[in-house]
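> everything below, folded, please.
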Amino acid sequence: MHTTPLEKRLRFLREIDRLKTVIRQSPLLDQSRKENSAEHSWHLAMYALVLSEYASGAVNTDRVMRMLLLHDVVEIDVGDFPIHGGFSSELQAEQESRAASRLFGLLPREQGKEFLSLWQEFEQAETEDATFAKALDRFQPLLINIYTGGGTWAENGVSLEQVLARYGPAIKRGAPRLWTECEQWVTRHFSGQAPGMDEQ
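Residues are numbered from 1 along each chain as shown. Next up is the predicted model:
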């Protein structure tokens, strides 16, 4: 039976509703609950819209937003891999690649290829757009941890050195001015100083 392009698109949209059920480690800023991956993706797209002037180079904000809306769709199949979880990066990459092929394969062929290409560009983090998108994907949870008194860092016993190593390279590469701020926040956090009211 022939499936129309609209039916394929609607099937994809129904499938990605499941991203709302993937719970991440990061809490909401009010700490009432953990955020889900759909909320995380939307929030990152807003970060791109608001913070694009902080990219290390010239970026196409629309493309960055599209990458960020698509980047975690694979978690529908494989779940979230927390940054402090100690998972095998090779296994994660393999599982996520299979998930991307399945999920974007639900769409009409050309649209599916376009979305898969954007997802792969994000993962490879070689273009200006992708390095900025990757920077924001590290910046947002760092900010959440700062403003929730340590958040996942406290839960996982993460040290200052681990924070600098796990967040620093991606943020510094894609948004160096944001990393300058991050270093100050992180240093103050680990020295026991809460962020000032003027920074809230």
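> quick one: S26 is in a helix?
No. Going by DSSP: H, G, I helix; E, B strand; the rest coil, the assignment for S26 is strand, not a helix.
> I'd like the numbering to begin with 44 instead of 1 from here.
With 44 as the first residue, the last one maps to S69.
> just list the residues touching it, thanks.
77-78, 83, 184, 187-188, 194-195 (CB atoms under 8 Å, 6 or more residues apart in numbering). Backbone N, C-alpha and C define where each C-beta goes, glycine included.
> ok, the residues you listed vs I59, which is closest?
When those are compared for distance to I59 (CB to CB), H83 wins out at 13.4 Å.
> that closest one is in what secondary structure piece?
helix 80-94 (DSSP states H and E).
> next secondary structure after that helix?
Counting by DSSP H and E, the next helix or strand C-terminal to helix 80-94 is helix 104-113.
> give me phi/psi at E118?
Here is the backbone geometry of E118 (degrees, to the nearest 10): phi -70, psi -10.
> quick check: it touching L62?
Yes. Between E118 and L62 there is a contact under CB atoms under 8 Å: 6.5 Å.
> so between the two, which is more surrounded?
Comparing E118 with L62 by other CB atoms under 10 Å, the one with more neighbours is E118, at 22 against 19.
> what's near enough to touch T170?
For T170, counting by CB under 8 Å, 6+ apart, the contacting residues are E164.
> ok, 10 Å please
Residues counted as contacts of T170 (CB atoms under 10 Å, 6 or more residues apart in numbering) are 100, 102-103, 106-107, 110, 164, 176.
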